[in-house]
Structure formats: structure tokens, C-alpha cells
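Enquirer: make a model of this:
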Amino acid sequence: MKFSRQTTLRTHVTMTGIGVHSGAPVNLVLGPAPVDTGFVFVRSDTNREIRASAFAVTATELQTVLGDKVGPIVSTAEHVLAALRGMGVDNATIEVDGPEIPIMDGSAAPFVAAIENAGVVQQSAPRRFIEVLKPIKVVLGESLGELRPYAGGFRAEIEINFSNPLIGRQAYNLDLTPETFRRDIARARTFGCMKDVARLLNAGFARGASFDNSVVFDDDRLLNAEGLRYADECVRHKVLDAVGDLALAGLPLLGLYRSVRGGHKMNHAVLTALMNDRHAWRVVEAEPVAARRRTSVADAVGTMLGGGIVAPAFAPDVS
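Expert: Below is the predicted model:
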């Protein structure tokens, strides 16, 4: 997929699954949306909706939850957001009939397949990006996260360090394109340790977790019969989560995101720190390309307008 204009889905596509934390069955419909919409979650069972935004996040423990003053609207939003952003979709509706996005197989791959089945089409307006203009850094205990200017589009540099020896320290760097997301990141599943199961269940989490949707480690062995999809699947899943959480910027980011021992909480903290510093970013448009010339996202980024801020119909809410 090579676009310099905004994109949406060609048609609707339906998915069915359960929530990894609630254990409740849920139906999800991905659909088209007009230009400058971004990603909008719609609860068909309660007639509530919310635009995906960093300022709509109400919780970040083990998942990203979006809501408003009334309360939570949808939880575990990160994987479907990662798939949409990773595959170069700009505008879409995500309709669900329950409080949690289905976990599917624990990765973004089923959402990628659904997006490809629906098809991605160009729209009339040029693509818009949030360009990081200066470093933003957040430290939370032993965790660190930062966004920095980066000339090559969007890059994630993620490092994890777990006490479980089968996970340990892992690092992965990704320059995001639909191709690298599909090939290198989308199939990485959520993961956890067996010793934490009782605590999570008592806290109301992981009621829908199983070997079908989670990578599970014991103290000295991997419990999933199928094994790992990547040798470093755990850190790749953290990259997936970061792509999804940072999609809450509202527009694709142009910058480098680095995280050490981070997670949903850190991803959200860095993004909100960026959004709250109005001198740290600007909105830019992809420059129109010559007739009949197809350009990749990377090309569009490389040739985007170098002037001042473009005032779009939709921009991140920094009020």
C-alpha cells in the first residue's frame, strides 16, 4: 500500500471473539470513515462513541482503556489501533457490542487480515502527520520513554528486561511501514507468566486468557505447545503495543520513540507530554506527487511540506 493521500477501508468487515480480561464474547465491525475522522470507537450496545485520542485514556494497567466523563467506553484498544496505524489506514470506525475489543489470537495479525480483506482505498485529502520537533522524555521509576525528531518517518526502539530468564533482556528496532509491520510485528502475541495468573484473576484481569491468545511462561519453560512465533516475540509485542498506543496521537507520528522497561503507562505518559507541549510538534501534510506517480509513506514523509503548521479539520485536542 503506497499512499500520499488519506486512506480508509473499502468496506465493512466483521470479527468475533472474546475479551482477554473480561472473558465476554464480543463482535467487532471495522468500517470506512470520512477524511479527517481518525479512528472512532462506537459501542453499538450503549450508543456511545469516542474518538481515539491520548486525552481519552482512562486506564493503562495491562491494557489501554478509552472513556469519557461518564466512564470507560472500550478497553484493550491497542491491538486494533496498531493494525490500523501499522497498515497505513488513516480513518476508520471500530464498532463493538461490548466493553472490550476481542483479543483474537493475542496479536494484531487477525486485524491485519481483516483490513486486507476489507481493502484500503485512498481519499481526496492529503495525508497529515504530527512531526516531533524536539525531544520529550519521561522517567517513571526504572522505566524511560522518549520521543525525538527523526527524518525517516516513524521509528520505534523498544527494550524490555524481565526477571523471568526465558524473557530476560530483549531489544527491537522498527522503521514502520505496512510491510515491516505485517512481516515483523503483527504476529507477536501478548505474553505473561504463570506465577502471576492468580493475582491477575483476583484483580479482575485475564479472565479470557488462554494458550490460544497468550504466550505463557513458567519459571523454566514455555507452556505453549506451538512455541514462539519469533525468538524475541515478547519485545516485538511491546513494539506492537507502542504502535497502537501512539496511534492515539490522532495522526501518524514522524519521530523516533524509545522505551526502556516501558508499557502502556509509559507510552501514554510520553504521548501526553508531547501533546501538552505545543512547541514540541506541528502538523504537516504530505506533498502532492506528480501525476501517475505512486509514492510510499516513506516517500511522502520525505517530501512533505516544510512550511508552517497546516490547520486541519481534525487535529489532536490539546485544550
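
Enquirer: relative to residue 57, how far out is residue 204?
Expert: 18 Å (Cβ to Cβ, to the nearest Å). (C-beta placed from N, C-alpha, C; glycine too.)

Enquirer: those two: who's more crowded?
Expert: residue 57 (21 against 9; other Cβ atoms under 10 Å).

Enquirer: list the contacts of the closest residue to the more buried one other than its chain neighbours.
Expert: Distances taken as Cβ to Cβ, 6 or more residues apart in numbering put residue 268 closest to residue 57, at 5.3 Å, once the chain neighbours are dropped. By Cβ atoms under 8 Å, 6 or more residues apart in numbering, the contact set of residue 268 is 54, 57, 60, 64, 245, 248.

Enquirer: swap in 7 Å and give it another go.
Expert: 54, 57, 60, 245 (Cβ atoms under 7 Å, 6 or more residues apart in numbering).

Enquirer: tell me the secondary structure for the spatially closest residue to the last one that is not a sequence neighbour?
Expert: Nearest-residue entry for residue 245: residue 267, 3.6 Å, with adjacent residues in sequence omitted and distances by Cβ to Cβ, 6+ apart. Three-state secondary structure (criterion: DSSP: H, G, I helix; E, B strand; the rest coil) places residue 267 in helix.

Enquirer: wait, doesn't residue 267 sit right on residue 244?
Expert: No: using Cβ atoms under 7 Å, residue 267 is not in contact with residue 244; the gap is 8.5 Å.

Enquirer: list residues touching both of these two?
Expert: Common neighbours of residue 267 and residue 244 (Cβ under 7 Å, 6+ apart) do not exist.

Enquirer: check which helix or strand the residue most central in space within the chain maps to.
Expert: Taking Cα atoms, centre = their mean, the centroid of the chain lies closest to residue 244, which sits 0.7 Å from it. For residue 244, the host element (DSSP states H and E) is helix 233-246.

Enquirer: and that helix, average pLDDT?
Expert: For helix 233-246, mean pLDDT is 98.

Enquirer: could you do stretch 105-114 as well?
Expert: pLDDT averaged over stretch 105-114 gives 97.

Enquirer: gap between it and the chain center?
Expert: In terms of Cα atoms, centre = their mean, to the nearest Å, the gap separating the centre of stretch 105-114 from the centre of its chain is 12 Å.

Enquirer: ok, residues contacting that stretch?
Expert: 13, 15, 30, 79-80, 82-83, 86-87, 104, 182, 186-190, 212-214, 240.

Enquirer: equivalent analysis for stretch 251-267, please.
Expert: So stretch 251-267 is contacted by 60, 63-64, 78, 85, 128-132, 138, 140, 142-150, 153-161, 241-242, 245-246, 283, 301 (Cβ under 7 Å, 6+ apart).

Enquirer: quick one: end-to-end length of it, please.
Expert: 15 Å (Cα to Cα, to the nearest Å).

Enquirer: tell me where the stretch 201-319 of the chain has strands.
Expert: Listed in chain order, the strands of the stretch 201-319 of the chain (DSSP state E, counting those that start in this stretch) span 215-217, 253-260, 281-285.

Enquirer: let me fix that: the stretch 51-200 of the chain
Expert: Counting by DSSP E, counting those that start in this stretch, the strands of the stretch 51-200 of the chain are 57-59, 65-68, 71-74, 92-96, 120-126, 128-132, 136-140, 143-148, 154-161, 169-175, 191-193.
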